[in-house]
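[1] my questions concern the predicted model and sequence given below.
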Amino acid sequence: MKPRIRPSYSPPIDQVGVVQRANRFTNRSIKGDAKMQGLKMVLSMIDLTTLEGMDTPGKVRQLCTKALHLHDQVANLPHVAAVCVYPNFVALAKQKLAGTEVKVASVATAFPSGHSSLELKLAEVQYALESGADEIDMVISRGRFHSGDFNYVFDEISAVKEACGSTRLKVILETGELGTFDKVRHASDLAMEAGADFIKTSTGKIKPAATMPVTLVMLQAIRDYHRRTGRQVGMKPAGGISKSKLALHYLVMVQETLGTAWLDNHWFRFGASSLANDVLMQIVKQQTGQYQSADHFSVD
Amino acid sequence: MNQPTDNHWPLTEALESRESIRLAKSYGLFVNGQFIRSSGSKKYWTINPANEKRLSRITESTPKDVDRAVRAARNCYEKHWSRMKPSERGKYIYRIARLIQEQSRELAILETLDGGKPIRESRDIDIPLAAAHFFYYAGWADKLKYAFPNRNPRPLGVAAQVIPWNFPLLMAAWKIAPALACGNTVVLKPAETTSLTALKLAEIIQQADLPAGAVNIITGHGPVGQSLIQHPDVDKIAFTGSTHVGKSIQTALATSGKRSTLELGGKAANIIFADAPIDQAVEGVVNGIYFNQGHVCCAGSRLFVEESVYDQVIEKIKDRIDTLRVGEPLDKNTDIGAINSKKQLAIIDQYIELGTAEGAHLYQPDCPLPDSGFWCLPTMFTDVSQSNRISREEIFGPVLAVQTFRTVAEVIKKANNTRYGLSAGVWTNKGSKIFNMTSQLKAGVIWANTYNQFDPASPFGGYKESGFGREGGLHGLAAYLALK
């Protein structure tokens, strides 16, 4: 029989209740100064991402330029938090972003499926770190998790964290493959106990990716873990957040679930590729009173 | 954890505009399809409880006005409404439902101005549910024989209906819709502090072109309701309000032969087991007691927590209370609005003082309150005992009394140990436990892993001193029909 760990601190989750609570955050009306402050905060929390089979040095270079110059026509805009790429583009991204505060995050551990041996996964992490990655985004082994081999999943995360050392580790649960909120909560607790610095919803390759209810379940796990251990863990919803209004509702959810200590790109990130332009459009609209066409904002 | 940091992100006030509302300086009575002047001359101000500013002048009806309204209802009953083809009756009721939807924004703003409840609730709950009740009962109007096969359903006659101030338009809908669908005519008296939406409903009934006298709306204080209920020519009494007034109605009705349904007070038990989905349970507890400032007869005012998860639950409730925004009800971001009246605030404040005096531990958030108007912070008492008055008497405000328990048998005994029996809530992840609890709790409505869910198709009503009779659903029809 396989050894099983079912930590007693993972409470059951009521799906209906979570959806209702998540909906309630969308009733908050964010206007005026709060909206402007919120929009800028969203920009500063974005992990600008390209994770495609057809990624090229040209694409990654453009992405890095966008990360630094979101929309130079508007003064005092923040830059994004990080760019997120495959390991073989880390060195190039580091070079493009040298001397700036924008971090380079690298996916690793046989992203997106996670099907490989631990040795190969650790080697991949090592490669990303040696190429200069500031952050590692790993995926958990969902197959092992579903078959009940929680020890394996736990040990794997611990091993990756050990390889990372002080480099921050984001652990992708791929909630779209977990099936229930109970399993999302369990995986969140397990990842944090194993050393995750961030927990992250999705790879972006599976639908559904991030949703407000699933993010809420993970935020509540973070809050309970923080209360139990005193250690602050970050949160990164990824995939499916492309509109600024939705992003602002996520921030309301963070503020009212974890408190303002998490309203900072050190503790909260959006994994997104097209969110930035919608936020920029809203910022220009707030400043000028008019919407500009999408072609006023750079697409790369 | 919710202390402000450098990242503090305050939400700017988002006021709902008052521009769309039409408010008369003064209102008469709605009798026989017309707005008329009272035979007397007494009027009083209805105010906005959030700032104590005057809104409009409301008529204090005289016994003569009451008689006039009942006669109009009787006349309409005999000549039109009871004889009308049932599908035609349904048509009129559907029309009312659609007009409520069309004017929902104005109704929501008025409900919030006059009663103090947050616009979020009047907009998303009160008004849509009121429309839903008319839609639901409109559908029954021509299907009564299918609802009660072989029992020859007949209307009762004139229904006298007296409603409270906590859900003004919604309670009017609960009362009027089934009465009309069954072929009865109505004289309704809204509460004195919240008459505006009932008077707007009178305008809607006029616009819907109902036969004159099918619905009559008279305003005023308690004695007006009393003379309506005691009028010899009413056939049916429907009352929602305090147990105290309910008892006096029962006394007055003895030997009168009038049918009655009473929906009175409550002191509901909300029960959290250790195996519950804790975060969702906490959310349900908070909504259960602080919804509509706690002015809810089925509010979950007694919380029972299994002792092994007590500390965790209390901590989480405190966290959640800290995020509630108390203030201007017209602000779309407000969670808790104003207390309905000065009188009610005084009652609540007395109970809060009493709770402290009884030795319970008080928790309130650190939240600024406006200078004028009637306000009460969301309040939680821990270390409460079953013998404390704050766990026995209905407070009708945002005050939660928390106790602990160890076993299923114990919590059932404690939950049932009350003179009320309107509602209860059970939080557990175990289905069998839910069925065990629901079969033993003596309450008219029991929610499992949720709280304060309302639907026109679902019956609502109490045991013991919470009243008798059911409103809503098929059961709600029976209260307005003579059945063989």
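    All right, it came through fine.
[2] and chain B, which residues reach chain A?
    Selection of chain B residues close to chain A by Cβ under 8 Å from any Cβ of the partner chain yields B:1-5, B:7-12, B:14, B:120, B:124, B:275-281, B:283-284, B:315, B:323, B:332-333, B:429, B:449-450. No exception for glycine: its C-beta is placed from N, CA and C like everyone else's.
[3] give me the buried subset of the residues you listed.
    B:2, B:7, B:9, B:11-12, B:14, B:120, B:275-281, B:283-284, B:323, B:332-333, B:429, B:449-450 (16 or more other Cβ atoms under 10 Å in any protein chain shown).
[4] circling back: among the residues of chain B next to chain A, which ones are in helices?
    Taking DSSP state H, the ones among the residues of chain B next to chain A that sit in helices are B:Arg120, B:Ile278, B:Asp279, B:Gln280, B:Ala281, B:Glu283, B:Gly284, B:Glu315.
[5] quick check: closest non-adjacent residue to B:Glu307.
    Once flanking residues are discounted, B:Glu307 sits nearest to B:Thr404: 4.4 Å by Cβ to Cβ, 6 or more residues apart in numbering or on different chains.
[6] what do you get for B:Gly473?
    Residue nearest to B:Gly473 in three dimensions, not counting chain neighbours: B:Pro459, with 4.3 Å by Cβ to Cβ, 6+ apart.
[7] ok and the residue in chain B nearest chain A?
    In chain B, the residue that lies nearest chain A is B:Gln280 (2.9 Å; Cβ to the nearest Cβ).
[8] could you dump stretch B:193-206 to PDB, C-alpha only?
    Output in PDB follows, covering the C-alpha atoms of stretch B:193-206 (Å, rounded to 0.1, in the frame of the first residue of the first chain):
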ATOM      1  CA  THR B 193     -41.400  53.800   9.200                       C
ATOM      2  CA  THR B 194     -41.300  52.200   5.700                       C
ATOM      3  CA  SER B 195     -44.400  53.000   3.700                       C
ATOM      4  CA  LEU B 196     -42.800  54.500   0.600                       C
ATOM      5  CA  THR B 197     -42.300  51.300  -1.500                       C
ATOM      6  CA  ALA B 198     -45.800  50.100  -0.600                       C
ATOM      7  CA  LEU B 199     -47.100  53.400  -1.900                       C
ATOM      8  CA  LYS B 200     -45.000  53.000  -5.100                       C
ATOM      9  CA  LEU B 201     -46.500  49.500  -5.400                       C
ATOM     10  CA  ALA B 202     -49.900  51.200  -5.300                       C
ATOM     11  CA  GLU B 203     -48.900  53.300  -8.300                       C
ATOM     12  CA  ILE B 204     -47.700  50.100 -10.000                       C
ATOM     13  CA  ILE B 205     -51.100  48.500  -9.300                       C
ATOM     14  CA  GLN B 206     -52.800  51.500 -10.800                       C
END
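[9] now the ones in helices among the residues of chain B next to chain A in CSV, with pLDDT?
    Rendered in CSV, the data for these read as follows (pLDDT from 0 to 100):
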residue, pLDDT
B:Arg120, 97
B:Ile278, 97
B:Asp279, 97
B:Gln280, 98
B:Ala281, 98
B:Glu283, 98
B:Gly284, 97
B:Glu315, 97
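[10] the residue nearest the centre of chain A pairs with what?
    Of all residues in chain A, the one closest to the mean position by Cα atoms, centre = their mean is A:Lys236, 2.7 Å from it. The residues listed as beta-bridge partners of A:Lys236 by DSSP bridges are A:Lys200.
[11] against B:Ile217, how distant is the residue nearest the centre of chain B?
    For chain B, the residue sitting closest to the mean C-alpha position, by Cα atoms, centre = their mean, is B:Phe167 at 4.1 Å. Plainly put, B:Phe167 is 16 Å away from B:Ile217 if you go by Cβ to Cβ, to the nearest Å.
[12] doesn't B:Asp209 fall inside a strand?
    No: inclusion of B:Asp209 in a strand is not indicated when DSSP: H, G, I helix; E, B strand; the rest coil is applied; the result is coil.
[13] any idea how far it is from B:Leu201?
    Counting by Cβ to Cβ, the separation of B:Asp209 from B:Leu201 is 14 Å.
[14] then B:Arg83?
    Relative to B:Leu201, B:Arg83 is positioned 24 Å away (criterion: Cβ to Cβ).
[15] the more surrounded of the two?
    With neighbours defined as other Cβ atoms under 10 Å in any protein chain shown, B:Arg83 and B:Leu201 compare such that B:Leu201 has more, 27 against 9.
[16] domain ranges for chain B, per the record?
    When chain B is parsed with automatic domain parsing, its domains come out as B:29-264+B:464-482, B:269-448.
[17] A:Pro87 contacts A:Ala128, correct?
    Yes: the pair formed by A:Pro87 and A:Ala128 meets the contact definition of Cβ atoms under 8 Å, at 4.1 Å.
[18] list the residues that contact both of the two?
    Residues touching both A:Pro87 and A:Ala128 comprise A:Ser106, A:Ala108, with contact defined as Cβ atoms under 8 Å, 6 or more residues apart in numbering or on different chains.
[19] who's more crowded, the two?
    Per other Cβ under 10 Å, whichever of A:Pro87 and A:Ala128 has more neighbours is A:Ala128, with 31 against 20.
[20] find me the pLDDT at that one, would you?
    Predicted confidence (pLDDT) at A:Ala128: the value is 98.
[21] flag every buried residue along the helix or strand hosting it.
    If you go by DSSP states H and E, A:Ala128 is part of helix A:118-130. Applying a neighbour-count criterion of 16+ other Cβ under 10 Å, the buried positions in helix A:118-130 are A:Lys121, A:Leu122, A:Glu124, A:Val125, A:Ala128, A:Leu129.
[22] same check on stretch A:51-65?
    By 16+ other Cβ under 10 Å, the buried positions in stretch A:51-65 come out as A:Leu51, A:Val60, A:Arg61, A:Gln62, A:Leu63, A:Cys64.
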